[in-house]
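> build me a model:
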Amino acid sequence: MTIAPRMRLFLDTGRAAYALVPRAAFVRPESIAKAVLLRDDEGYLLAVVPAARSLALERVCDDLGRPLEPASDRELAAIFNDCDAAAIPPFGAAYGIPTVVDEALLRLGEVYFEVGSDESLARIRGADFATLFASCARGEYAAPAERPDSAPDPLRAKAARERRLAEGLTHVFSLRSFGAGLRSHAEYERNGHAGMLLAKTPELRVVLEAMRPDTVLRTHVVHGPTTLLVLEGALDVTTEHGTFRVAASEMATLPREERREIHSPGDSLFLLALGRLARPEDVPAATSVAAPATGARRRRILVVANQTAGGAHLVAAVRERIAAGPCEFVVLAPAVEAHSQTRWTWEEGAARSEAQRRVDTAVERLARLGAPVRGTVGDYYPLRAIQDLLLVEPEGFDEIILSTLPATVSEWLKLDLPARITRRFGIPVTHVEAEE
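Reported below is the predicted structural model:
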């Protein structure tokens, strides 16, 4: 049974005792805490009610004086990005989101709740559950469950509109709500910036990024053309040609294959539109010039590894792919330093230095096999590290090789990372495991 990494961090730092139970176990819906993500221009709010009942949305809005509405599935996926879609935990504090709770849950002797996994729930004493919500607003926020055919018209209309939008390429976003949500995210507090993917097509990715004052997106290279639109604040962009400022409501176009660094002198919110560099086969025949065939397109393969980067098992997997045809590799090492049995110990400087050393060693070893290879260090949580990399790799990847420690000791396998990566990004994943 698995649990989302942030939930584990939240629960395992001495807050309360809990036990994981299989989802197949019989649990009365009245005893399960259900979370509903809401939003308005002020940001996000998590409302927690019994699973057997519906959320009394109007009551929440009246109590808080806010015009809240349900957040979209896209927002849920961006904020709870280490969770399965239907397993949203009730503890907004783990994700930097204010929370309100229905008082009926606080009177139970035992409570069950989602932990971010499709296969398990957690059980906790009612008193401990109430303690975790001690600083949260509470009230009578649950209403009798609606029958499927008696949903309120406004909600039914909103759901229908979102279904229509999801079926095509048209999407309507509240950038102000998204920005407020990013700024309440734990990663924003820790890293000084947070981003989310708003749209993705084969030709284009659109990213919303929020940055705190005096934070930097380290030097990076984007392989396709980029458009930068500043919504709030200002950005200082440094390239090999110098530094220039892009102010609020200003837009800059940036060339492909250029090394750049982005510095935020104050609070900022901006959009990045990342174009994909056209491949020869994408150019219409009528506008192309005949040329000799250059062979098959190189397959792009992402290698995700940390302690096992450069190991013999990984070298063997890379050699197999080179033998099968032209390919190129990117080695990504999440900046994880160490963990104990109950909590992560993570210091950015030391973790990044150690991960960079491993990346350099792996790149040097894999380059000897004869294929192009480069490396980078990412966020401590592998899913976030992959997501961040994909934002600046518009061409994407044909395959991800996930290299782990043996199953008996691998934290990544306990988190079921191979399956999570496949579900999240839709890219085939090959898991290779180091020897004992």
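
> any idea which helix or strand carries the spatially most central residue of the chain?
Centroid-nearest residue in the chain, with Cα atoms, centre = their mean: Asn81, separated by 3.9 Å. Element membership for Asn81, per DSSP states H and E: none, as it lies in no helix or strand.

> just checking, it touches Ile386?
No. Taking contacts as Cβ atoms under 8 Å, Asn81 lies outside contact range of Ile386: 10.5 Å. Placement of C-beta: from N, CA and C, glycine included.

> tell me, what's touching those two both at once?
Among the neighbours of Asn81, those also in contact with Ile386 (Cβ atoms under 8 Å, 6 or more residues apart in numbering) are Arg424.

> quick one, helices of the stretch 51-200 of the chain?
When secondary structure is read from DSSP state H, counting those that start in this stretch, the stretch 51-200 of the chain shows helices at 57-64, 73-79, 103-106, 126-132, 153-167, 175-183, 186-191.

> ok, and what's touching the third one?
Spelled out, that is helix 103-106. Residues outside helix 103-106 that contact it (Cβ under 8 Å, 6+ apart): 33, 48-50, 111, 126, 129-130, 133, 138-140, 142.

> per-residue pLDDT, the residue nearest to Asp379 when sequence neighbours are not counted?
Among residues not flanking Asp379 along the chain, Ala385 sits closest, at 4.3 Å (Cβ to Cβ, 6 or more residues apart in numbering). At Ala385, the pLDDT value in this model is 83.

> same question, the one 10 residues further on
Confidence at Glu395, expressed as pLDDT, is 72.

> pretty sure it sits against Gly224.
Yes. Assessed by Cβ under 8 Å, Glu395 is found in contact with Gly224 at 7.3 Å.

> now list the buried members of the contacts of helix 103-106.
Neighbour counting by 16 or more other Cβ atoms under 10 Å classes 33, 48-50, 111, 129-130, 133, 138-139, 142 among the contacts of helix 103-106 as buried.

> what's the most distant pair in those residues?
In the buried ones among the contacts of helix 103-106, the most distant members under the criterion Cβ to Cβ are Val111 and Gly139, with 17.4 Å between them.

> rewinding a little: for the residue nearest to the centre of the chain, phi and psi?
Main-chain dihedrals, Asn81, degrees, to the nearest 10: phi -80, psi 0.

> quick one: contacts for it?
Asn81 is in contact with 383-384, 387, 424, counting by Cβ under 8 Å, 6+ apart.

> kindly recompute the last result at 10 Å.
Taking Cβ atoms under 10 Å, 6 or more residues apart in numbering as the definition of contact, the neighbours of Asn81 are 4, 6, 95, 185, 187, 196-197, 381, 383-384, 387, 420, 424.

> also Ala25?
Counting by Cβ under 10 Å, 6+ apart, Ala25 touches 112, 120-121, 123.

> how near is it to Ala51?
Going from Ala25 to Ala51 by Cβ to Cβ, to the nearest Å gives 14 Å.

> again, but for Gly311
The span separating Gly311 from Ala51 equals 45 Å under the rule Cβ to Cβ.
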